[in-house]
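# pasting the sequence and the predicted model now:
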Amino acid sequence: MVFAELDRSHAPPETADGLNWSPGGQFSVAQPLSIQPNRPSVTNPTRSPTNLATNSRLMPSNAPIREPSQIRNACVRKLRTVKVSEKFQAILGCILGTDWTTPRLVELVITPDGHLLGRCDGQASFDAFLGDAADLIRNIHGIAPVAGLDGDKIGYMVAKVAEIKRQR
């Protein structure tokens with residue numbers, strides 16, 4: 001695949017993009033733009049196409065594909081040991097389907113304006129206001145290094161929040 005970039009050296013001085021704008025939203029090209037091959041100025045040896053397959057840091061070839069239940073169990077095991085507020089622990093427990101708090105959150109919903117509401121065990125409605133959904137995503141990413149969560153585990157948790165968002 002050849003990437004190209006525009007040579008804008010022929011653009012008139014009054015326009016940076018090489019276009020002369022006329023009234024009524026119409027425009028015309030001042031001079032034909034020439035296309036030059038894109039030449040990378042800096043190469044990153046760990047991200048070059050030849051090294052992507054061989055760089056064990058990016059994706060080890062012997063890494064097993066984990067099932068969602070395995071990822072969930074690993075999240076439960078790692079997050080159980082991290083000290084967080086009871087409210088956040090209840091939210092994490094609900095996302096992971098565990099019984100970590102009393103009363104237990106059994107269901108979460110994200111409102112159209114982005115608020116996170118919870119339904120406690122034994123309740124008929126979503127009475128517990130838990131905060132902003134964006135804060136939940138930020139908190140999941142914030143707890144990840146403390147709990148030692150890898151990309152699969154973070155992705156699993158964020159995907160669970162996305163499932164809640166889609167339920168609206």
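On my side now, so go ahead.
# domain assignment for this protein?
4-52, 68-166 (automatic domain parsing).
# ranking those by mean pLDDT, which is last?
Among those, domain 4-52 carries the lowest mean pLDDT, at a mean of 47.
# and the helices in the chain?
49-52, 68-80, 86-96, 133-147, 151-166 (DSSP state H).
# which of the ones you listed sits closest to Gly114?
Comparing the helices of the chain by their distance to Gly114 (CB to CB), the top pick is helix 133-147, with 5.0 Å. Placement of C-beta: from N, CA and C, glycine included.
# helices or strands next to that closest one in the packing?
If contacts are counted by 3 or more CB pairs under 8 Å, 6 or more residues apart in numbering; DSSP states H and E, helix 133-147 sits against helix 68-80, strand 115-120, helix 151-166.
# just checking: what are the partner strands of the second one?
So the one you mean is strand 115-120. strand 105-110 (antiparallel), strand 128-132 (antiparallel) (DSSP bridges).
# for those, give me a markdown table that also has distance to Leu116 and mean neighbour count.
Shown next, in a markdown table, are the strands paired with strand 115-120 (distance: least, CB to CB, whole Å; neighbours: other CB atoms under 10 Å):
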| stretch | distance to Leu116 | mean neighbour count |
| --- | --- | --- |
| strand 105-110 | 6 | 19 |
| strand 128-132 | 4 | 15 |
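# many thanks, have a good one.
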